[in-house]
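In: heads up, no residue letters with this:
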């Protein structure tokens, strides 16, 4: 079965009234090319940053094999997007039969004419029709707080159109508020910063991988057992990879038959461990699954780590990994 279909929504439109920062207090070079993009005294539009993140996220998910559609934007140029009605966006996502949707936004507080101290990152789900959105939001927020230091404002429930799973017929839909455009630091160093866009796109893509159970796995020809692999990126060391997956470094050396554990290269695929998958049934708990499949209910903590879960909550139909070492 292929990977899920995901809608990436970029909030608002190019000329939506409001939805701008307060006037910048200094010149800002958004992409570090030496050219000033926002001059002191100018305001910066939320939709521009929304599209910046959305476009990067779209490309990252496409490269990972997901089917992805765009909502509220059509390309990297944010200056010519109409402010599509929320009902139009919902209809497009439903018509495309998307499994999940992610709406990208930057938050605001106050009258919008001046900066204030309210700051941080949060994720929203629908208060009445969330389906599995809270579970998805937990994965996304967990990744978003790993990078740039920000206040974790948590997961919030509200009757937001772009989170309404019933109307869009999605399994989960979330809205990410990546920073506050009414906070001077977050507006000028995060919202108006292509490096921060890239970071957020990477974090959301990683979270979707973890949530969907699509991260780093390869299926060998012999069927039921899978290998979990990690593709090395710049800055990786064997010890950092071992720590990330809670695997002894010695085990990685042995599994990958490494002659020199101090030398790994970007793009190298490293075997982490073997696993099989299990679909959660009604009445299952992690303790019960651990006892039945691993022979020890205490290994439920291992399953939490292994599956990047934030707690011990599981639900019928969920696919979880079971170590086979």
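Out: Okay, I see it. Treat the numbers as computed from the prediction; the structure is a model and nothing was measured.
In: strands along the stretch 51-200 of the chain, start to end?
Out: 67-71, 100-107, 121-126, 152-158, 172-180 (DSSP state E, counting those that start in this stretch).
In: how about the shortest one: buried residues?
Out: By neighbour count, and taking 16 or more other CB atoms under 10 Å as the criterion, the buried residues in strand 67-71 are 67-71. Every C-beta, even on glycine, is put in place using the N, C-alpha and C of the backbone.
In: make CSV out of those residues and add pLDDT.
Out: What follows is those, written out as CSV (pLDDT from 0 to 100):
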residue, pLDDT
67, 92
68, 96
69, 97
70, 97
71, 96
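In: indicate which one of the strands of the stretch 51-200 of the chain is closest to residue 29.
Out: Taking CB to CB, strand 172-180 is the member of the strands of the stretch 51-200 of the chain nearest to residue 29, at 17.9 Å.
In: run the chain-centre distance for that closest one.
Out: 10 Å (CA atoms, centre = their mean, to the nearest Å).
In: and it, which strands flank it?
Out: strand 100-107 (parallel), strand 121-126 (antiparallel) (DSSP bridges).
In: quick one: closest of these to residue 294.
Out: Nearest to residue 294, of all these, is strand 100-107, at 29.9 Å by CB to CB.
In: starting at the chain centroid, how far to that closest one?
Out: On CA atoms, centre = their mean, the centre of strand 100-107 falls 10 Å from that of its chain.
In: circling back to that earlier point, take the buried residues of strand 67-71 and write them to TSV, including distance to residue 45.
Out: TSV is the format used below for the buried residues of strand 67-71 (distance: CB to CB, whole Å):
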residue	distance to residue 45
67	29
68	24
69	23
70	18
71	18
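In: show the contacting residues for the closest residue to residue 51 other than its chain neighbours.
Out: The spatial neighbour of residue 51 that comes closest, neighbours along the chain excluded (CB to CB, 6 or more residues apart in numbering), is residue 78 at 3.8 Å. Residue 78 is in contact with 10, 14, 45, 47-48, 50-52, counting by CB atoms under 8 Å, 6 or more residues apart in numbering.
In: rerun that using 7 Å as the cut-off
Out: For residue 78, the contact set (CB atoms under 7 Å, 6 or more residues apart in numbering) comprises 14, 47-48, 51.
In: and for residue 90?
Out: Residue 90 touches 161, 164, 167-168, counting by CB under 7 Å, 6+ apart.
In: recalculate using a threshold of 6 Å.
Out: Each residue near residue 90 by CB atoms under 6 Å, 6 or more residues apart in numbering is listed here: 167-168.
In: would you map out the domains in this structure?
Out: As recorded under automatic domain parsing, the domains making up the chain are 5-212, 217-323.
In: any idea how far apart the tips of the longest one sit?
Out: End-to-end span of domain 5-212 (CA to CA, to the nearest Å): 11 Å.
In: partner strands of the longest strand anywhere in the chain and their direction?
Out: When the chain is parsed with DSSP state E, its longest strand is strand 269-279. Sheet pairing for strand 269-279, assigned by DSSP bridges, gives strand 226-231 (antiparallel), strand 319-323 (antiparallel).
In: double-check that residue 300 belongs to a helix.
Out: Yes. Judged by DSSP: H, G, I helix; E, B strand; the rest coil, residue 300 forms part of a helix.
In: hang on, it packs against residue 287?
Out: Yes. Under the criterion of CB atoms under 6 Å, residue 300 makes contact with residue 287 at 4.9 Å.
In: returning to that earlier point: any chance of the strands of the stretch 51-200 of the chain in TSV, plus distance to residue 310?
Out: Below are the strands of the stretch 51-200 of the chain laid out as TSV (distance: least, CB to CB, whole Å):
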stretch	distance to residue 310
strand 67-71	25
strand 100-107	18
strand 121-126	12
strand 152-158	10
strand 172-180	14
